[in-house]
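**Student:** here you go, sequence then predicted model.
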Amino acid sequence: MIPYIWTNTFIMAKREYIQRHLLIIKKLKNRPSSFEELHSYLLQQQELTNENYDISQRTFQRDVKDIYTIFGIEIKFNKSEGKYEIIEEDFDKEYDRIFESFETLSAINISNHIGKKMILERKADKGTEHLHGLLYAIDNSFLVSFQHQSYWKENPTNRTVQPLLIKEAQHRWYLVCWDVEKGEIRNFGLDRISNLDITQKKGKKIEIDLSEYYHHAVGIETYEKAEKVVLVCNSFQAQYLKSLPIHPSQKIQKETKDKCYFELFVHPTNEFIMEIFKYNNTLEVKEPKWLRAEMTNRVQDMMKCYIK
């Protein structure tokens, strides 16, 4: 087994460097800024966090290079405007979750007696202890082996897979991988994995665009063909769905005084159906017909549990 000796820049960089990088990105996400504006912003944040964010032009240029190496985010200087800006097409919106986590940790770090000021959800183990090893295996195309405890089986099974991607879905982490024995793409919840072993065996080149593979997914499931889904809700619920869309493809199809119709292009899997049920009777499936019928059948089955 290969020890988890991390040379990855993201892991090795000091916390305050990463926090400074995130502040620079946050500032430039909002608007292009000159070095003087960035420097002033960092000094303001320094007063809040008790960290040393005072930088020179030379340090800033090094930060720009590090930000590209760590996050893949390119910052360019616009000579005509005299300002630095993020190259938008290179900015991955999924990094927002990482930034959110760092901002939370930063806030906790500077506050005393945090237990009296924040109430966190108590949740079961998410398997995050496996993240470092799996990311290391992905970077090096190594096969890994582990035991997987299915919800539906009494005993765990041994798996040998080639890790391809770590995906977050429904507040859980999943390993997306090539199952060597079954010869197909599979996913496993990290919380169901134990005895992880990073081997030195190289996997094969997998020709699949996983970003496209999950582009229309709500959660982790993709077994249903992606198609247009139309939902309707009252004007009050619409405000919530506008601020927290069910899926990035969500858009308003039409809106009246009392109702709002949303159109999505998704895999209408069980995960998607459970997401719709979260909204109880305030959200209705209009299309496709088969999905509306499936929702009707499930509601009728639920009624049998309560009306006897």
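**Tutor:** Arrived safely, thanks for sending.
**Student:** for the rest of this, base every contact and every neighbour count on C-alpha atoms.
**Tutor:** OK.
**Student:** the helices in the stretch 1-150 of the chain, which residues?
**Tutor:** Taking DSSP state H, counting those that start in this stretch, the helices of the stretch 1-150 of the chain run over residues 9-12, 15-30, 35-49, 57-71, 95-110, 131-140.
**Student:** for those, could you give me CSV that also reports mean neighbour count?
**Tutor:** Putting those into CSV (neighbours: other CA atoms under 10 Å) gives the following:
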stretch, mean neighbour count
helix 9-12, 12
helix 15-30, 17
helix 35-49, 15
helix 57-71, 15
helix 95-110, 13
helix 131-140, 18
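**Student:** could I get the ones you listed as JSON lines with distance to H215?
**Tutor:** Output for those, formatted as JSON lines (distance: least, CA to CA, whole Å):
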{"stretch": "helix 9-12", "distance to H215": "26"}
{"stretch": "helix 15-30", "distance to H215": "23"}
{"stretch": "helix 35-49", "distance to H215": "35"}
{"stretch": "helix 57-71", "distance to H215": "21"}
{"stretch": "helix 95-110", "distance to H215": "16"}
{"stretch": "helix 131-140", "distance to H215": "20"}
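**Student:** out of the ones you listed, the one nearest K308 is which?
**Tutor:** Comparison of the helices of the stretch 1-150 of the chain against K308 by CA to CA identifies helix 95-110 as nearest, at 45.3 Å.
**Student:** sorry, back to before: save the helices of the stretch 1-150 of the chain as CSV, and put in mean pLDDT too.
**Tutor:** As requested, the helices of the stretch 1-150 of the chain are exported to CSV (pLDDT from 0 to 100):
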stretch, mean pLDDT
helix 9-12, 44
helix 15-30, 83
helix 35-49, 85
helix 57-71, 88
helix 95-110, 66
helix 131-140, 90
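**Student:** mind checking which of the ones you listed is nearest R292?
**Tutor:** helix 95-110 (32.7 Å).
**Student:** ok, which of the helices of the stretch 1-150 of the chain comes nearest L241?
**Tutor:** helix 95-110 (19.1 Å).
**Student:** are we agreed that Q237 is in a strand?
**Tutor:** No. Counting by DSSP: H, G, I helix; E, B strand; the rest coil, Q237 falls outside a strand, being helix.
**Student:** where's the nearest residue to it once chain neighbours are set aside relative to I70, distance?
**Tutor:** Of all residues not flanking Q237 in the chain, T282 sits nearest, at 6.7 Å (CA to CA, 6 or more residues apart in numbering). Going from T282 to I70 by CA to CA, to the nearest Å gives 43 Å.
**Student:** just name the shakiest helix or strand of this protein by mean pLDDT.
**Tutor:** Taking mean pLDDT, DSSP states H and E as the measure, the chain has helix 9-12 as its least confident helix or strand, at a mean of 44.
**Student:** can you show me the strands along the stretch 51-200 of the chain?
**Tutor:** Ranges of strands in the stretch 51-200 of the chain, per DSSP state E, counting those that start in this stretch, are 75-78, 83-86, 142-148, 157-169, 172-179, 184-189, 193-202.
**Student:** which secondary structure elements does the fifth one contact?
**Tutor:** What it means is strand 172-179. Using 3 or more CA pairs under 8 Å, 6 or more residues apart in numbering; DSSP states H and E as the contact test, the elements touching strand 172-179 are strand 157-169, strand 184-189.
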